[in-house]
Structures are given as C-alpha cells and as structure tokens.
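1. fold the following for me, if possible:
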Amino acid sequence: VLERLDASFRRTHLVRRTERATAFRRFQSEGGERLRRFAVFQALMEFFGNRPWQTWPAPYRDSASEDVALFSWHRAERVGFFQYLQWQTDLQLQAAQRRAELHGMSLGIYRDLAVGIDPDGADAWVEQEVAASDIRIGAPADPFSPNGQNWGLLPLQPQKLQETAYEHFIATLRANMRAAGALRIDHVMGLRRMFWVPAGAEPVSGAYVRYPCEDLLGILALESQRNRCVVIGEDLGTVPDGFRERMAESGALSYRVFYFEKKGDRFSSPAEYPELALACASTHDLPTLKGFWEGMDLALRKQFGLYPGEEARDEEERNPVEVCERGAVERRHPDVVVQNIDLGEIVAVVATHQIVRVNIEIQALRVLLGNKCHVPQRHEEGRYQYQSGSKNRHSASFRQRLIESGREPLVETRHVVPRKLGPGDR
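-> Numbering: from 1, shown residues only. You can find the predicted model right below:
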C-alpha cells in the first residue's frame, strides 16, 4: 500500500510539480543531510535483509563512503520513498497536534525522548564519531535494581558534542518538539552525568561520566521557547545533589511516581508534591498499582533473578519500607490490618495523578506563566523575541563554534524571558 501511494504521488504530483510536490521538496530541504542519510540507511537495511549495519560489507558501514554515495544514486527512488514516509508521518503528527489544539488542549501531543541511541539504528550508523560505540549506558545498583542496570543504548561522547557545537543534540530536540506541546526527557540526569558500562560487561564495572550540563540546559531552554514546548525531566533513580533544584530553576517539570513519593512511613499527599511536576501512578517499567499492592513484582523479580542473593530478597519481603523506600507498608500481607496508610489518601493521590496525566495542561499553566523552558507569548504578527533574564553561561569558545558552524549563536539564555515586540522593533 505504501509503495502504491508513493508511486501515485510521483505520477500525480512530482512529475507535474504541483503545490503538494513543492511541499515535499521543502520537507526534504529542511531535513537536509540528516533526513537523506536516514533514508539511505533504511534503503541499505532493506537491501541487506535487515541485518545489523555492523555486519554489512565494510564500505557500507561508513555513511560518508563513496560506495554509500553510489548506492544512494542508483537507488534514488527508493531513498525518496523513505523520505516520503517520513514526510507523511510528519504531516499526520502536525495534523494531530492542530486538532488537539482546536479542541481546547493547551499542550496537545506529549512526546518522549529516549536517553540514548540504538546501537543498530540509523543514528549509530551516521554518528559514529560522536557516539561511544563500545559503551552502553545504564544505572548503578540501588534498592530498586540491586544488580544495577544496562539499558543497551549508546551514549554520546561529551567532548565530541562540544566539538560539533551540539549539532546532534539540537537536531534531536527540534525533531521531537516539532509537533508536540510537551516533551518528556528520559533519564534527564544524563544532562549532567551518564553511567557508562563497557559493552558486554555488567553494571558493576560502570562509572559516571560528566557532561556539560549548563550548555545543554541552555540549548534545552532555547529550543523549548522556539518550539513552544513544555519540558518534563524524568528524574527517577540516583539523582545528583542539587540537580532537581537546578532543573526547577530552568523551568523543567519534575516527574513524580506515586510509589516513590513518601514522607516517613506514609505516602505524600497531593499538596506535598512539587508545584512543577508531572505526577503518575506508575510507568512503563514499574508494576501496575494492583501488582504493586499485591506484591506481584516481588515474584517476577525473583523469577528473573533480579536479586543479588536470597538474603536481599528475604530482607525486602520482611521490611519493604526500609529497603525499597516506596511506601509498601504491609502491602504484601492482605490479612494484616494496614495501620500506617490512609487508604482514602491513596485514592485521592491516585485520582489526582490520573487527572493530571490526562489533563497535563492544568499543571502546565503555572509553567507557562514563568520563564526559561516555557512557551512564549505569540506576538500579533506571529513573531517572537527573547531577552535574557540573567548572565549568559555559555563559554566564548562554545559561542564561537556555533558561529563557525554557520548556525546562529544562542541568545543569552539561562533565563529566557519572552516579551512583546515594540513599535520600534523590526
């Protein structure tokens, strides 16, 4: 079906150079080399039977090689087909966002940005000099994951990010904010530090690597303003001291999960949650509320060998509160009267989370009234202007690299404050 649609589009529009064909050519131009190389990668994957690119003949493992260029020339129509699919996807996302806004949603689509790169994906093939191909990212051991975690994704090398004027980071933010009112950044602590694990090794062999946090936050704030996109930082797990406070200063929402929000031996009430936070009952990699309450997660963790030893498992079952710190007071013993939890409070918290999750714009209204990572006011003529709220934190060398790369330099952003254009502005 997709091939037939593409063929019809070529006959009906590209050959005749219609307005729709012009829109497609504009999309290709805006996507530039990144879009072209992604489409070439898709064509190569198809040609080599969907094998990992690391197993392709050597000349095709380099996205800038002459063999790849020759392939893309001979297969230009197929490369164009994959660009056409990206165009259709973008058109549909934009249409969905417009429809959400039309029906009164102040934010609309809420998208998610992964923490790393798929080793077998197009980014890893194109960004081989920037990505650390022999490293995987994860997390050290903690009460939730006693063995640590290895997520199987590639990190970007911080020094290479700086040398390339953060080109990959900027392009990724723009692509993901393009048709979204809110963007969740997975493992947002990666803006400050990332836990690197050698490929093939266990998390115990890993170590933290520091990233240029202030540069990355400045770029995040600017792209948030330019794209009118609220930023939500998934700040679960091992969070560096002061990091949540710094994120709050930048205007990004925190990400709070019901299980983890406790005050002593009780769950936190809705009023005790941070004002700038998205709240939820669970996530894609946590137990359901029922599974958590009935202890099903403990059985699964035992089944998959996620405890470092029998002693750790027995200790969590005996004392879930001290070990896991997630509000599991007597939750695994339904015949025991629960004295330390107000069940009405739990219902209130969960209900609040559900409301906020469905209507995230309610919580975000407060965000929009501030500055930094927030949506600016649109001027009557559809233009924007930004002024700095504090001293620029980017180094002169960083700004110079942006200029030399042909990209406009970042405005003075740590606090980006929107203002209306005056009569004398052009």
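
2. hey, let's count contacts and neighbours off CA atoms from now on
-> Fine.

3. surely R37 touches S65?
-> No. Using CA atoms under 8 Å as the test, R37 is too far from S65 to be in contact (11.7 Å).

4. can you pick out the residue with more neighbours from the two?
-> Neighbour count, other CA atoms under 10 Å: between R37 and S65, R37 has more, with 23 against 13.

5. send the alpha carbons of stretch 27-47 over as CSV?
-> The C-alpha coordinates for stretch 27-47 follow below in CSV (Å, rounded to 0.1, in the frame of the first residue of the first chain):
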residue,chain,number,x,y,z
PHE,A,27,10.4,19.0,3.7
GLN,A,28,13.4,17.3,2.1
SER,A,29,15.3,20.6,2.1
GLU,A,30,14.5,21.3,5.7
GLY,A,31,15.5,17.8,6.7
GLY,A,32,18.8,18.2,4.9
GLU,A,33,21.6,15.7,5.1
ARG,A,34,20.2,14.1,8.3
LEU,A,35,17.0,13.1,6.6
ARG,A,36,18.8,11.9,3.4
ARG,A,37,21.2,9.7,5.4
PHE,A,38,18.4,8.3,7.4
ALA,A,39,16.5,7.3,4.2
VAL,A,40,19.7,5.9,2.7
PHE,A,41,20.2,3.8,5.9
GLN,A,42,16.6,2.5,5.6
ALA,A,43,17.3,1.5,1.9
LEU,A,44,20.5,-0.2,2.9
MET,A,45,18.8,-2.1,5.7
GLU,A,46,16.2,-3.3,3.2
PHE,A,47,18.9,-4.2,0.6
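
6. that stretch - what's its average pLDDT?
-> When pLDDT is averaged over stretch 27-47, the result is 97.

7. then stretch 256-268?
-> 88.

8. list the buried ones in it?
-> For stretch 256-268, a neighbour-count test (16 or more other CA atoms under 10 Å) marks 256-262, 266-268 as buried.

9. which residues of this structure score low on pLDDT?
-> 308-426 (pLDDT under 70).

10. stretch 119-136 spans what distance, first to last residue?
-> End-to-end distance for stretch 119-136, by CA to CA, to the nearest Å: 9 Å.

11. any buried residues in that stretch, and which?
-> So stretch 119-136, judged by 16+ other CA under 10 Å, has buried residues 119, 122-127, 130-133, 135-136.

12. how far off centre is stretch 68-79?
-> 31 Å (CA atoms, centre = their mean, to the nearest Å).

13. can you tell me what sits against it?
-> 36, 39-40, 42-43, 59-60, 62 (CA atoms under 8 Å, 6 or more residues apart in numbering).

14. biggest separation within the buried residues of stretch 256-268, which pair?
-> Spatially, the most separated pair among the buried residues of stretch 256-268 is R256 and R266, at 15.6 Å (CA to CA).

15. across the sheet, point out what pairs with the residue positioned nearest the centre of the chain.
-> The centroid of the chain falls nearest to L113 when counting by CA atoms, centre = their mean (1.9 Å). On the basis of DSSP bridges, L113 is bridged to I185.

16. how about it, what does it touch?
-> 176, 183-186.

17. follow-up on the earlier one: list buried residues within the contacts of stretch 68-79.
-> 36, 39-40, 42-43, 60, 62.

18. and L183, helix, strand or coil?
-> strand (DSSP: H, G, I helix; E, B strand; the rest coil).

19. kindly apply the preceding question to L300 instead.
-> helix.

20. for it, grab the count of nearby residues.
-> Using other CA under 10 Å: L300 sits among 12 other residues.

21. could you measure it against P140, distance?
-> Distance from L300 to P140, by CA to CA: 21 Å.

22. then S254?
-> S254 is 21 Å from P140, by CA to CA.

23. now swap in L70 and tell me
-> For L70 relative to P140 (CA to CA), the value is 45 Å.

24. can I assume L236 is in contact with H187?
-> Yes. Between L236 and H187 a contact is recorded at 7.1 Å, counting by CA under 8 Å.

25. could you check which of the two is surrounded by more residues?
-> H187 (21 against 15).

26. ok, now which ones touch the nearest residue to that one once chain neighbours are set aside?
-> Distance criterion CA to CA, 6 or more residues apart in numbering; nearest residue to H187, sequence neighbours excluded, is E234 at 5.2 Å. E234 makes contact with 184-189, 254-255 under the criterion CA under 8 Å, 6+ apart.

27. again, only this time at 6 Å
-> The neighbours of E234, taking CA atoms under 6 Å, 6 or more residues apart in numbering as the test, are 185-188, 255.

28. TSV please, covering the residues you listed and showing distance to F27.
-> Output for the contacts of E234, formatted as TSV (distance: CA to CA, whole Å):
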residue	distance to F27
I185	26
D186	28
H187	31
V188	30
Y255	34
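
29. buried subset of the residues you listed, written for ChimeraX?
-> Burial among the contacts of E234 is assessed by 16+ other CA under 10 Å; the matching ChimeraX selection reads:
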select :185,186,187,188,255
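
30. and the contacts of E234, which is closest to R99?
-> I185 (24.1 Å).
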